[in-house]
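>>> Show me how the following folds:
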Amino acid sequence: MSERISREELVRIYNVEITFFDSLEEAGLLTTETENEIKYLPYDDLSTFEKFINWHYDLEVNMAGLEVISHLLNKIEKLSSEKFTVIKLG
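This is a model prediction of the structure:
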């Protein structure tokens, strides 16, 4: 079993709405584990969750904006790793 933290504990610690967490999950921006009807976020994904909190609450980026930003950053990361692989092989 991986290290993880419950959704309820996260929203309490970070003082965010549980609907915000659920919206991130519904949009596919967070992947949770469920056990005994309790949702958990793996510790490895905490930094991603914190980024979304900062963007949403500090910069006032809406859910659609979070999806776009996340998609573009993932694409940049993928392209960067592909470029690195091509350069390394070439």
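
>>> Can you classify residue 21 by secondary structure?
helix (DSSP: H, G, I helix; E, B strand; the rest coil).

>>> who's in contact with it?
Listed by C-beta atoms under 8 Å, 6 or more residues apart in numbering, the contact partners of residue 21 are 7, 10-11, 30, 49. No exception for glycine: its C-beta is placed from N, CA and C like everyone else's.

>>> Could you dump those residues into TSV and include distance to residue 60, pLDDT and neighbour count?
Converted to TSV, the contacts of residue 21 look like this (distance: C-beta to C-beta, whole Å; pLDDT from 0 to 100; neighbours: other C-beta atoms under 10 Å):
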residue	distance to residue 60	pLDDT	neighbour count
7	23	97	18
10	21	96	20
11	19	96	16
30	20	96	21
49	18	97	19
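
>>> Could I get these in TSV, plus columns for distance to residue 77 and secondary structure?
Formatted as TSV, these follow (distance: C-beta to C-beta, whole Å; DSSP: H, G, I helix; E, B strand; the rest coil):
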residue	distance to residue 77	secondary structure
7	26	helix
10	24	helix
11	28	helix
30	17	coil
49	17	helix
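
>>> could you pull out the helices for this structure?
For the chain, applying DSSP state H gives helices covering 7-14, 18-26, 46-53, 63-89.

>>> Identify whichever of the ones you listed lies nearest to residue 38.
Minimum separation from residue 38 across the helices of the chain (C-beta to C-beta) falls at helix 7-14, 7.4 Å.

>>> Beta-bridge partners for the residue lying closest to residue 34 once chain neighbours are set aside, please?
Excluding its sequence neighbours, the residue lying closest to residue 34 (C-beta to C-beta, 6 or more residues apart in numbering) is residue 40, at 7.3 Å. Beta bridges link residue 40 to residue 6, residue 33 when assigned by DSSP bridges.

>>> Which residues are in contact with residue 40?
By C-beta under 8 Å, 6+ apart, the residues touching residue 40 are 4-7, 32-34.

>>> how about a cut-off of 10 Å?
1-10, 32-34 (C-beta atoms under 10 Å, 6 or more residues apart in numbering).
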